[in-house]
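> what would the 3D arrangement of this be:
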Amino acid sequence: MNLASEGEYTLPPGEESCWITVGLFAVYIRKTDEGIVVDLFESGSEMDNAIAGTYAFDSEVALVG
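Purely as a prediction, here's the structure:
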């Protein structure tokens, strides 16, 4: 597991997505070529349509370095 500290997770290089359970929700986080997509599902209903979702583009994030 890639815990940076308690409760923080860093997606390993080469991995494109992960699922996180938060209470009654299943959260699907997916990296895309253009940014990130986050979809929310009822836990146990991950194969159904997402309840809600959002996305952000890499170009919307200031690059540091």
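
> what strand or helix carries the closest residue to residue 45 other than its chain neighbours?
Excluding its sequence neighbours, the residue lying closest to residue 45 (Cβ to Cβ, 6 or more residues apart in numbering) is residue 26, at 7.7 Å. All C-beta spots, glycine's among them, are computed from the backbone N, C-alpha and C. Secondary structure assignment for residue 26, by DSSP states H and E: strand 25-31.

> can you point out the buried residues in that strand?
Neighbour counts using 16 or more other Cβ atoms under 10 Å place 26, 28 of strand 25-31 among the buried residues.

> so what are the sheet partners of that strand and their directions?
strand 17-22 (antiparallel), strand 35-42 (antiparallel) (DSSP bridges).

> just after the last one, pick out the following helix or strand.
By that I understand strand 35-42. Next helix or strand after strand 35-42 toward the C-terminus (DSSP H and E): strand 52-57.

> re the thing from before, quick check: angle from the strand holding residue 26 to strand 52-57?
Angle, strand 25-31 to strand 52-57, by axes from the mean of the first three to the mean of the last three Cα atoms, to 10 degrees: 20 degrees.

> for strand 25-31, the averaged confidence score.
Mean pLDDT, strand 25-31: 97.

> now for the residue nearest to residue 45: which residues touch it?
By Cβ atoms under 8 Å, 6 or more residues apart in numbering, the contact list for residue 26 reads 19-20, 40-46.

> so which of those residues is the most crowded?
Among these, the one with the most neighbours (other Cβ atoms under 10 Å) is residue 41, at 20 neighbours.

> my read: that one touches residue 51, true?
Yes - here residue 41 reaches residue 51: they are 6.1 Å apart, a contact under Cβ atoms under 8 Å.

> joint contacts of those two?
Common contacts of residue 41 and residue 51 (Cβ under 8 Å, 6+ apart): residue 25.

> partner residues bridging residue 17?
In this entry, residue 17 is beta-bridged to residue 30, by DSSP bridges.

> tell me the spacing between it and residue 53.
The spacing between residue 17 and residue 53, counted by Cβ to Cβ, to the nearest Å, is 13 Å.
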